[in-house]
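Colleague: Compute the structure for the input listed below.
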Amino acid sequence: MKRVLVTGATGFTGGHLARSLVRRRYHVTALVRDPAKAIELARHGVGIVAGDLRDRAAVARAAAGAEVIYHIAAVYREAGLPEAEYRAVNAESVGTIIEASSGAGVRRVVHCSTVGVHGDVEHPPANEDAPLKPGDVYQRSKLEGERLARETAARTGVELVVVRPTGIYGPGDRRLLKLFRGVARQRFVILGRGDIFYHLTFIDDLVEGFRLCGEVLGAAGRTYILAGGEVTTLHALTALIADEAGVPPPRLHLPVWPVWIAAALCEAACAPLRIEPPLYRRRVDFFTKSRAFDITRARQELGYEPRVSLREGIRRTLDWYRAAAWL
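Modeller: Down below sits the predicted model:
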């Protein structure tokens, strides 16, 4: 039975990964800050170790006996969060984890980054060698995490695989819930023409890609973009969600820049109060930045092959949202 450690297992992606590996009969341990949030994981057979991923001793304790660490934990975008917190979790802790891995005898660390490190893709589809142009503090901290991961792995001899997923969706996801809910309730407004590319990854395909990154011998030292097999425009994506939801597609379009200015003002007013602004520039960026990626490297080197079509993934996600009364 293969022994692995998963960080971020109380989150959406990490939780799916941990449960998937248990179903494959891996011995899975999760490092969590709050064990009370890991009760469901424990019920699925995941071993729970309490500790902070920035604490080398805690990581070493959780990693004892593990062959592979899947490092999924990260700080995502939160209102009013200082840049130092992003750097501490998304960058500095990566070095701590690899250092602890070396001492615990871990063979490989699979580190989850993001395609966001490429910023707005000027010449889609982008591959792993495309220019790196992070556009916000989250993306900058993830890129710094990649750099520290490679430096620490080279120094310690721990095998490192860097994964850059595209937009992740599926049952239980909250990040794209607003998109699905807005379209299903016929309240979704498209800023601009909606002709930018958007590339999604269904959670089941992603966790299989992570597993392959931990298993394939030749993956050591490599970086992989993991994404679904289909690229679409935002306009076509919302139409597909609407079709599966049984409603007309969104038809209202608004100009981008007046909304962007309003978002900037909202952020400026809400940031000192550490509250989530009702409108923010990142949400406007969703309508303006193209995201289309080439997964040839993952296909050829890992044997990665997305199995869930975009329509099927949308259907499964909508079904789950309905059953959970999230729509």
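
Colleague: Show me the helices in the stretch 51-200 of the chain, by range?
Modeller: 56-63, 83-87, 93-104, 137-156, 177-184 (DSSP state H, counting those that start in this stretch).

Colleague: Figure out which of these is closest to residue 295.
Modeller: Among the helices of the stretch 51-200 of the chain, the nearest to residue 295 by Cβ to Cβ is helix 137-156 (18.3 Å). From N, CA and C alone the C-beta is placed, and that goes for glycine too.

Colleague: which strands and helices sit next to the closest one?
Modeller: Counting contacts by 3 or more Cβ pairs under 8 Å, 6 or more residues apart in numbering; DSSP states H and E, helix 137-156 packs against helix 83-87, helix 93-104, strand 108-112, strand 159-165.

Colleague: worst average pLDDT in the ones you listed?
Modeller: Of all the helices and strands packed on helix 137-156, the minimum mean pLDDT falls on helix 83-87 (a mean of 88).

Colleague: what sits up against it?
Modeller: 75, 137, 138, 140, 141, 144 (Cβ atoms under 8 Å, 6 or more residues apart in numbering).

Colleague: so the fourth one sits right up against residue 134, yeah?
Modeller: Pointing back at residue 140 there. Yes: the criterion here is Cβ atoms under 8 Å, and residue 140 meets it with residue 134 at 4.5 Å.

Colleague: list the buried ones in the helix or strand of the chain at the bottom of the mean pLDDT ranking?
Modeller: Taking mean pLDDT, DSSP states H and E as the measure, the helix or strand of the chain with the lowest value is helix 281-285, at a mean of 75. The neighbour-count check on helix 281-285 (16 or more other Cβ atoms under 10 Å) flags 281, 283, 284, 285 as buried.

Colleague: ok, now stretch 295-309?
Modeller: For stretch 295-309, a neighbour-count test (16+ other Cβ under 10 Å) marks 295, 297, 298, 302, 304, 306, 308 as buried.

Colleague: And the furthest pair within the residues you listed?
Modeller: Using Cβ to Cβ, the buried residues of stretch 295-309 reach their maximum pairwise distance at 297 and 308, which is 20.2 Å.

Colleague: quick one: average pLDDT of stretch 251-271?
Modeller: The model assigns stretch 251-271 a mean pLDDT of 84.

Colleague: repeat for stretch 48-62
Modeller: According to the model, stretch 48-62 has a mean pLDDT of 92.

Colleague: Residues touching that stretch, excluding its own?
Modeller: Residues outside stretch 48-62 that contact it (Cβ under 8 Å, 6+ apart) are 5, 7, 29-35, 38, 41-42, 71, 73, 88-89, 92-93, 96-97, 99-101, 103-104.

Colleague: Mind giving me the PyMOL command for buried ones among these?
Modeller: Command for PyMOL that selects the buried part of the contacts of stretch 48-62, burial taken from 16+ other Cβ under 10 Å:
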select buried, resi 5+7+29+30+31+32+33+38+41+71+73+89+92+93+96+97+99+100+101+104
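
Colleague: thought residue 201 was touching residue 164?
Modeller: No: applying Cβ under 8 Å as the test, residue 201 and residue 164 come out as separate, 10.4 Å apart.

Colleague: for residue 121, what are its contacts?
Modeller: For residue 121, the contacting residues are 130, 197, 289, 290, 291, 292, 293, by Cβ under 8 Å, 6+ apart.

Colleague: Throw these into CSV and include secondary structure, pLDDT and neighbour count, thanks.
Modeller: Compiled in CSV, those are given as follows (DSSP: H, G, I helix; E, B strand; the rest coil; pLDDT from 0 to 100; neighbours: other Cβ atoms under 10 Å):
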residue, secondary structure, pLDDT, neighbour count
130, coil, 95, 19
197, strand, 92, 18
289, coil, 84, 16
290, coil, 84, 19
291, coil, 87, 24
292, coil, 93, 19
293, strand, 96, 26
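
Colleague: Between those residues, which sits nearest residue 209?
Modeller: Nearest to residue 209 among these: residue 293, at 12.7 Å, using Cβ to Cβ.

Colleague: Phi and psi next, for residue 114.
Modeller: When read as degrees, to the nearest 10, the backbone of residue 114 gives phi -160, psi 150.

Colleague: what about it, neighbour count?
Modeller: 23 (other Cβ atoms under 10 Å).

Colleague: Let me see the confidence value for it.
Modeller: 96.

Colleague: Residue 62 and residue 6, how far apart?
Modeller: 10 Å (Cβ to Cβ, to the nearest Å).

Colleague: list the residues that contact both of those two?
Modeller: Contacts common to residue 62 and residue 6, judged by Cβ under 8 Å, 6+ apart, are 29, 30, 31.

Colleague: So which of those residues belong to strands?
Modeller: Cross-referencing the shared contacts of residue 62 and residue 6 against strands under DSSP state E gives 29, 30, 31.

Colleague: can you give me the end-to-end distance of stretch 154-161?
Modeller: This stretch, stretch 154-161, spans 12 Å end to end (Cα to Cα, to the nearest Å).
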